[in-house]
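In: after the sequence you'll find the predicted model.
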Amino acid sequence: EAQVTQNPRYLITVTGKKLTVTCSQNMNHEYMSWYRQDPGLGLRQIYYSMNVEVTDKGDVPEGYKVSRKEKRNFPLILESPSPNQTSLYFCASSHGTGGFDEQFFGPGTRLTVL
Amino acid sequence: GIQVEQSPPDLILQEGANSTLRCNFSDSVNNLQWFHQNPWGQLINLFYIPSGTKQNGRLSATTVATERYSLLYISSSQTTDSGVYFCAVERGGTYKYIFGTGTRLKVLA
């Protein structure tokens, strides 16, 4: 089944404890992206990647890191999480060859930082 | 940057009613998608529709790119249609997707 998977689905952590949220897609998509969703602010793009080793900032990259060492994986790293990073996070992928097209979203990761 | 506005912000319908949701964007776009976020938080693709008209069962969508808007039609609504509907656009060459503010739909049995 073609899908985008994220792990963990739920995470409660404490301020300053480094964490990684994994994202994987099995559709051989070139483009991958991370979003966060907050009440009243909607969905905002954190980082995106157009291909292996190519990443760029979205609208809200502060406090996050990403890497794209393999085509199928695009982990989101919070080096020192803070309470304002409590949010619902989505990973997405798109075929993206030579452009941009339909995005497919993972199930979401609900993160709480105490 | 590009602004994406959706209307109405909230909508309550009786089961079986029809509705039209609107997405306005402030600049030309290369890509546009409609999503349904169900009560469990999942984002479900409805349409990829940078231009033209598409239909899928009770749902259809139309994008008039030259006039910078898209419409999502829901006919014979069901309680399972409840949730939030988002449109999202990508301005050509930016690889950045901007989401609209969403329309929260509640369908009553």
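Out: Received, thanks. Computed from a predicted structure; not experimentally measured.
In: centroid-nearest residue for chain A?
Out: With distances taken as CA atoms, centre = their mean, residue A:34 lies nearest the centre of chain A, 2.9 Å away.
In: could you measure from that residue over to residue A:19?
Out: 14 Å (CB to CB, to the nearest Å). C-beta coordinates here come from the backbone N, C-alpha and C atoms, glycine included.
In: swap in residue A:67?
Out: Per CB to CB, residue A:67 is found 14 Å from residue A:19.
In: just the strands in the chain please.
Out: No chain was given, so I picked chain A. Assigned by DSSP state E, chain A shows strands spanning A:4-7, A:10-13, A:19-25, A:31-38, A:42-51, A:54-57, A:65-66, A:76-78, A:87-94, A:103-105, A:109-113.
In: ah, no, chain B please
Out: Using DSSP E, strands in chain B cover B:4-7, B:10-14, B:19-25, B:31-37, B:43-48, B:52-56, B:59-64, B:69-74, B:83-90, B:97-99, B:103-108.
In: each with direction, which strands does the second one pair with?
Out: Based on DSSP bridges, the strands next to strand B:10-14 in the sheet, each with its direction, are strand B:103-108 (parallel).
In: now do the longest one
Out: If you go by DSSP bridges, strand B:83-90 pairs up with strand B:31-37 (antiparallel), strand B:97-99 (antiparallel), strand B:103-108 (antiparallel).
In: now do the contacts for residue 54.
Out: All of this is about chain A. Neighbour list for residue A:54: residue A:68 [criterion: CB atoms under 8 Å, 6 or more residues apart in numbering or on different chains].
In: hmm, I had chain B in mind actually
Out: Residue B:54 is in contact with B:47, B:60-61, counting by CB under 8 Å, 6+ apart.
In: quick check: beta-bridge partners of residue A:65?
Out: residue A:77.
In: ok, it to residue B:26 distance?
Out: According to CB to CB, residue A:65 and residue B:26 sit 31 Å apart.
In: give me the nearest residue to residue A:80, chain neighbours excluded.
Out: Leaving out its chain neighbours, the residue that sits closest to residue A:80 by CB to CB, 6 or more residues apart in numbering or on different chains is residue A:16, at 5.1 Å.
In: how many neighbours does the one you found have?
Out: By other CB atoms under 10 Å in any protein chain shown, 11 other residues sit near residue A:16.
In: ok, it to chain B distance?
Out: As defined by CB to the nearest CB, to the nearest Å, residue A:16 lies at a distance of 27 Å from chain B.
In: what's around residue 76, how many residues?
Out: All of this is about chain A. Using other CB under 10 Å, residue A:76 has 22 other residues around it.
In: chain B, not that one
Out: Residue B:76 has 11 nearby residues by other CB under 10 Å.
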